[in-house]
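J.: sequence first, then the predicted structure, then my questions.
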Amino acid sequence: MLEELAKIPGATVSGAQAGLHFLLTLPGRDEGRLVELARAAGVPVRGLSTYCRECDCPESTLVLGFAGLKL
């Protein structure tokens, strides 16, 4: 999955070594629209901004969980 995401121009992935999810940042894109498009394609994701209340978080960042994926 990481190899395929690395092919997206301008995209960065962080936190992959940390556990059951990672962050996909797509600068210049609308986070809400990215979530809508992913869900429409059957990929359940959340925008990082839903977890941020009183801090600055990277714009256009998706939280991608990979625990329990059915291959």
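T.: Received it, and whenever you're ready, just let me know what you need. All of these numbers come straight from a predicted model, not from anything done at the bench.

J.: show me the helices in this structure, by range?
T.: For the chain, the helices defined by DSSP state H cover 2-5, 31-40.

J.: pick out the shakiest of these, pLDDT-wise.
T.: Averaged per stretch, pLDDT over those is lowest on helix 2-5, reaching a mean of 86.

J.: can you tell me what sits against that helix?
T.: Contacts of helix 2-5 with the rest of the structure, by C-beta atoms under 8 Å, 6 or more residues apart in numbering, involve Ala11, Val13, Ala16, Phe22, Leu24. From N, CA and C alone the C-beta is placed, and that goes for glycine too.

J.: could you turn the buried ones of these into a ChimeraX selection?
T.: Here is the ChimeraX command that picks out the buried ones among the contacts of helix 2-5, judged by 16 or more other C-beta atoms under 10 Å:
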select :22,24
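
J.: next step: the contacts of helix 2-5 restricted to strands.
T.: Judged by DSSP state E, strands contain the following of the contacts of helix 2-5: Val13, Phe22, Leu24.

J.: quick one: low-confidence parts of this structure?
T.: Within the chain, the ranges that satisfy pLDDT under 70 run 67-71.

J.: ok, now which ones touch the residue located most distally from the centre of the chain?
T.: No residue in the chain sits farther from the centre than Glu54, which is 20.1 Å out by C-alpha atoms, centre = their mean. The contact partners of Glu54, by C-beta under 8 Å, 6+ apart, come to none.

J.: could you pull up phi and psi at it?
T.: Reported as degrees, to the nearest 10, the phi and psi values for Glu54 are phi -120, psi 30.

J.: Leu23 versus that one, what's the distance?
T.: To Leu23, Glu54 is 19 Å away according to C-beta to C-beta, to the nearest Å.

J.: what about Lys7, how many neighbours?
T.: Neighbouring residues of Lys7 were enumerated by other C-beta atoms under 10 Å; the total is 7.

J.: re the thing from before, for the contacts of helix 2-5, work out which two are farthest apart.
T.: Maximum pairwise distance in the contacts of helix 2-5, criterion C-beta to C-beta, is 12.7 Å, between Ala11 and Ala16.

J.: hey, what's the residue nearest in space to the middle of the chain bridged with?
T.: If you average the C-alpha coordinates of the chain and look for the closest C-alpha using C-alpha atoms, centre = their mean, you land on Leu62, 2.3 Å from that point. Counting by DSSP bridges, Leu62 is bridged to Leu24, Gly47.
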